[in-house]
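1. heads up, no residue letters with this:
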């Protein structure tokens, strides 16, 4: 939509002030303070007017362009959020957001650290109403605020009263009660929340699962284009989808699915996170005909283990890590819902999709083009990534799309033999008694061999090693092989490599007396 509210007479006042500052201020100054404008009063006058001129220049630049309304629907009575068993419309959310936007502390980049999904949505809209940039917290927010990471934002809005960044920053605390009060009040006739395509709308951080989180800035046009492409790929219909999620709303996948599909008019956000089978049952029993769930392979595995699926979902969308076809088939059989998988990244958003249970080929978004050069590296061409983005995954182009061959950092070559960490991890997790596990490049802890970590409370290290030796080549057997109580995963189920018990691994490596030639394999 491109609705623009009529300009009230009061809007012309800043233009008149800007005209005076740029054309009449020097004339008045010379009359009041003399041609040299000397003395403390004259100096303070000059400083104040310079600040006002800079603010006036910013206002004029913004006023010279008409923004696009954030909500992609003209009907302000459309329901965009279900929260606490009630439905809320565009008009209610916009009115509440504009009220909060006027109360935000001074600052251009706002860290939105809100756990409540409805409060998060409200806070994001409030930032956009005030033409601020939303900074989405990385998975390890505590690490960010005690390091140089807080330089990425200059104020905070949060529903965590205990939140305290290390340097002096304005912190605005909000909660669900405040939001509920604004939503229940009669909507105030406000201007529509609007952004220009070039406005810096959000800053996302990578998961940090393989290192330090890396920030990626997104203009409004990039966010909008990625959301529209995702909608086309997943075939959002004319009837609104009631969309719930197990994923964190500040993650790129969660933000694209929940926030962006709601504001673009394709989905109604179910503002309660699905964490347990009972949450899923409550969602399925809620009002609405077409219900979708955005989730991860990790959470799907948890639901399968609990064996408490409630029929009633029409579609399940999985992302954040590879989904195995066998798990997709089990979930489809248990839930009676199609399971679709998204391939994407923080840098690009949604790139491609497939129905994993029956397809191995990824169908790319219509707004992107993929090329593979002679060295095997892949380039993604799209306006939403600013031109060209180098992908870290190896792909093979096939009719109708492409196939993934693994990530460049996932491929390992030892003694002239090749495999992938993902393939080795799959073998480890399939061993009877292993609840979770992973293979890691030993170079992470200064080792030449591969390292493996497993959650296997009833299996010994020697039994695991024998089981692995029966299925993989000896050169890929891990040294050391650790058994731990649980793997460090973030809220989306992604493994935090940096939080694995490396000190224990070094100790085991130093104490190990197994000779190299004893590592024999029975694998073909």
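-> It's in. A quick note: this is a predicted structure, and the numbers were derived from the prediction, not measured.
2. surely residue 200 touches residue 217?
-> Yes. Between residue 200 and residue 217 a contact is recorded at 5.8 Å, counting by CB atoms under 8 Å. Yep, even glycine has a C-beta here, placed from its N, CA and C like the rest.
3. can you map out the helices along the stretch 51-200 of the chain?
-> Using DSSP state H, counting those that start in this stretch, the helices of the stretch 51-200 of the chain run over residues 90-103, 117-129, 141-145, 176-184.
4. for the first one, name the packing helices and strands.
-> Helices and strands touching helix 90-103, by 3 or more CB pairs under 8 Å, 6 or more residues apart in numbering; DSSP states H and E, are strand 79-83, helix 117-129, helix 176-184.
5. can you tell me the SS state at the residue lying closest to residue 433 once chain neighbours are set aside?
-> Take residue 433 and drop its neighbours on the chain: the residue closest to it by CB to CB, 6 or more residues apart in numbering is residue 459, 4.1 Å away. Secondary structure assignment for residue 459 (DSSP: H, G, I helix; E, B strand; the rest coil): coil.
6. bridged to residue 382, which residues?
-> residue 387 (DSSP bridges).
7. got the confidence number for it?
-> If you check residue 382, the pLDDT there is 93.
8. and of the helices and strands packed on helix 90-103, who's closest to residue 297?
-> The minimum distance between residue 297 and the helices and strands packed on helix 90-103 falls on helix 117-129, with 21.6 Å, by CB to CB.
9. coming back round to it: quick one: the residue nearest to residue 433 and residue 435 touch, right?
-> No. Residue 459 lies out of contact with residue 435 (CB under 8 Å); the separation is 9.7 Å.
10. ok, now which ones touch the residue nearest to residue 433?
-> 431, 432, 433, 434, 483 (CB atoms under 8 Å, 6 or more residues apart in numbering).
11. phi first, then psi, for the second one.
-> Comment: the main-chain dihedrals of residue 432 come out as phi -60, psi 130, following degrees, to the nearest 10.
12. ditto for the last one
-> Residue 483 has phi and psi values of phi -110, psi 120 when expressed as degrees, to the nearest 10.
13. and residue 493, what element?
-> Assignment of secondary structure by DSSP states H and E places residue 493 within no helix or strand.
14. measure it to residue 234 for me?
-> From residue 493 across to residue 234, the span is 21 Å (CB to CB, to the nearest Å).
15. kindly report the same for residue 261.
-> From residue 261 to residue 234 the distance is 9 Å (CB to CB).
16. could you do residue 156 as well?
-> From residue 156 to residue 234 the distance is 33 Å (CB to CB).
17. in terms of neighbours, single out the busier of the two.
-> residue 156 (25 against 20; other CB atoms under 10 Å).
18. wouldn't the more buried one be in contact with residue 172 here?
-> Yes. Residue 156 is in contact with residue 172 according to CB under 8 Å; the separation is 6.9 Å.
19. mutual contacts of the two, please.
-> Common neighbours of residue 156 and residue 172 (CB under 8 Å, 6+ apart) do not exist.
20. deepest in the core, which of the helices of the stretch 51-200 of the chain is it.
-> The highest mean neighbour count among the helices of the stretch 51-200 of the chain, using mean count of other CB atoms under 10 Å, belongs to helix 117-129: a mean of 26.
21. next, the angle strand 79-83 makes with that one.
-> Helix 117-129 and strand 79-83 are oriented at 140 degrees to each other (axes from the mean of the first three to the mean of the last three CA atoms, to 10 degrees).
22. now for helix 117-129, which elements pack on it?
-> So helix 117-129, by 3+ CB pairs under 8 Å, 6+ apart, packs with strand 79-83, helix 90-103, strand 109-113, strand 133-135, strand 155-158, helix 176-184.
23. contacts for that helix, please.
-> 70, 81, 83-84, 93-94, 96-101, 104, 110, 112, 114, 133-134, 157, 159, 174-176, 179, 193, 195, 201, 249-250, 258-259, 262-263, 269, 271-273.
24. what subset of these is buried?
-> 70, 81, 83, 93-94, 96-101, 104, 110, 112, 114, 133-134, 157, 159, 174, 176, 179, 193, 195, 201, 249-250, 258-259, 262-263, 269, 271-273 (16 or more other CB atoms under 10 Å).
25. how far does stretch 95-106 sit from the chain's center?
-> Averaged C-alpha coordinates place stretch 95-106 at 24 Å from its chain's average position (CA atoms, centre = their mean, to the nearest Å).
26. give me the common contacts of residue 200 and residue 217.
-> Joint contacts of residue 200 and residue 217 (CB under 8 Å, 6+ apart) are residue 133.
27. of all the helices and strands packed on helix 90-103, which lies closest to residue 373?
-> Distance to residue 373, taken as CB to CB, is lowest for helix 117-129 among those, at 38.2 Å.
28. what angle sits between that closest one and helix 176-184?
-> Going by the same axes, to 10 degrees, helix 117-129 makes 70 degrees with helix 176-184.
29. could you check which helix or strand contains residue 280?
-> Using DSSP H and E, residue 280 sits within helix 277-285.
30. for residue 231, give its distance to residue 72.
-> Counting by CB to CB, the gap from residue 231 to residue 72 is 10 Å.
31. sketch out the low-pLDDT regions of the stretch 101-250 of the chain for me.
-> Low-confidence regions of the stretch 101-250 of the chain, defined by pLDDT under 70, span residues 139-150, 165-167, 207-211.
32. did I read that right, residue 479 in a helix?
-> No. Judged by three-state DSSP, residue 479 forms no part of a helix; its state is coil.
33. ok so residue 491 is a strand residue?
-> No. Under three-state DSSP, residue 491 falls outside any strand and is assigned coil.
34. spatially nearest residue to it (excluding sequence neighbours)?
-> Nearest non-adjacent residue to residue 491 (CB to CB, 6+ apart): residue 248, at 4.7 Å.
35. would you confirm that the one you found contacts residue 492?
-> Yes. Under the criterion of CB under 8 Å, residue 248 makes contact with residue 492 at 5.6 Å.
36. how about the strands in the stretch 301-450 of the chain?
-> Counting by DSSP state E, counting those that start in this stretch, the segments of the stretch 301-450 of the chain that form strands are 315-318, 338-345, 349-354, 363-364, 369-372, 378-382, 387-391, 393-398, 401-407, 411-414, 417-420, 436-440.
37. give me the angle between the third one and strand 387-391.
-> What it means is strand 349-354. If you take the same axes, to 10 degrees, strand 349-354 sits at 60 degrees to strand 387-391.
38. quick one: strands adjacent to strand 349-354?
-> Applying DSSP bridges, one finds strand 349-354 paired with strand 338-345 (antiparallel), strand 363-364 (antiparallel).
39. how about the ones you listed in TSV, adding mean pLDDT, distance to residue 48 and mean neighbour count?
-> Below are the strands paired with strand 349-354 laid out as TSV (pLDDT from 0 to 100; distance: least, CB to CB, whole Å; neighbours: other CB atoms under 10 Å):
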stretch	mean pLDDT	distance to residue 48	mean neighbour count
strand 338-345	94	47	21
strand 363-364	95	55	19
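40. quick one on the thing from earlier: residue 497: which of the helices of the stretch 51-200 of the chain is closest?
-> Nearest of the helices of the stretch 51-200 of the chain to residue 497, taken as CB to CB: helix 141-145 at 13.9 Å.
41. re earlier: so which of the helices and strands packed on helix 117-129 comes closest to residue 281?
-> Among these, strand 79-83 sits nearest to residue 281 (CB to CB), with 15.7 Å.
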